[in-house]
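Engineer: Next one to model:
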Amino acid sequence: MVVAGPNIAFTPSLTGSQPAIYTREGKDVRPLGRENDKAFNLINALNAEQRQKATLTYEINDLVLGPGQAGRTLPPEGLSASEMTPEQQAMLLDLIGEWVGMLNQDDAVPKLAQIRSEINQSYFAWYGDTTNPSAVYYRITGPTLHIEFAHQGGRSGQGVQAGGVNHIHTIYRDPTNDYGKRFTGK
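Structural biologist: Below you'll find the model as predicted:
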């Protein structure tokens, strides 16, 4: 996190989990479970044409703009949020909120408002099965937003419950302000 006066930059943020599910005090714990489940809910809320646009045509199973990729951007791919219904856009914003919500509320509220104002310039891309649990990759990109979620392992239909997914990586970036460059000039 970079703090420059009243400004806070929380990007890039790398989160991950291994194991992807474990038991504590008799209850299953799923770090990154909300990010997983909300994405599956969104992909399954899309109609067939939207789902086809959202689905990447090449295999991807790791972060593209993970560590060591500062300053890189990717061209928009997938389904434009402008082609989503208001309900689907709300689901997308709720999913994005899982990352933005890592900030304290005073900083998260304006950041989410900025992303909401740019939602029609944002894209949702998916690779993998649409049945939860399955090993998947998805990406959300926009003018001030880049999120990736990648299960590690578990391809070929093996899902979390089948023991095929034991590791998850995610990255949250702001291509206009990683490491607070907009605040610090560096």
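Engineer: what sits against residue 139?
Structural biologist: 64, 74, 77, 78, 123, 124, 125, 146, 147, 148, 149 (Cβ atoms under 8 Å, 6 or more residues apart in numbering). Every residue, glycine included, has its C-beta placed from N, CA and C.
Engineer: any chance you could map the strands in the protein?
Structural biologist: Here the chain has its strands, by DSSP state E, at 2-4, 7-9, 13-17, 22-24, 27-29, 79-80, 123-128, 136-142, 145-152, 167-173.
Engineer: Can you give me every residue that contacts the residue nearest to residue 176 when sequence neighbours are not counted?
Structural biologist: Among residues not flanking residue 176 along the chain, residue 144 sits closest, at 5.2 Å (Cβ to Cβ, 6 or more residues apart in numbering). Shown in contact with residue 144 (Cβ under 8 Å, 6+ apart): 114, 115, 118, 174, 175, 176, 177.
Engineer: Try it again at 10 Å.
Structural biologist: 11, 111, 114-115, 117-118, 121-122, 173-177, 182 (Cβ atoms under 10 Å, 6 or more residues apart in numbering).
Engineer: Kindly report the same for residue 172.
Structural biologist: Per Cβ under 10 Å, 6+ apart, neighbours of residue 172: 10-15, 96, 98-100, 102, 140, 145-149, 178.
Engineer: And it, how far from residue 97?
Structural biologist: 11 Å (Cβ to Cβ, to the nearest Å).
Engineer: Who are the packing partners of the helix ranked longest in the chain?
Structural biologist: Longest helix of the chain, by residue count under DSSP state H: helix 86-100. When contacts are defined as 3 or more Cβ pairs under 10 Å, 6 or more residues apart in numbering; DSSP states H and E, helix 86-100 sits against strand 13-17, helix 33-45, helix 105-117, strand 123-128, strand 136-142, strand 145-152, strand 167-173.
Engineer: That concludes my questions; thank you for your assistance.
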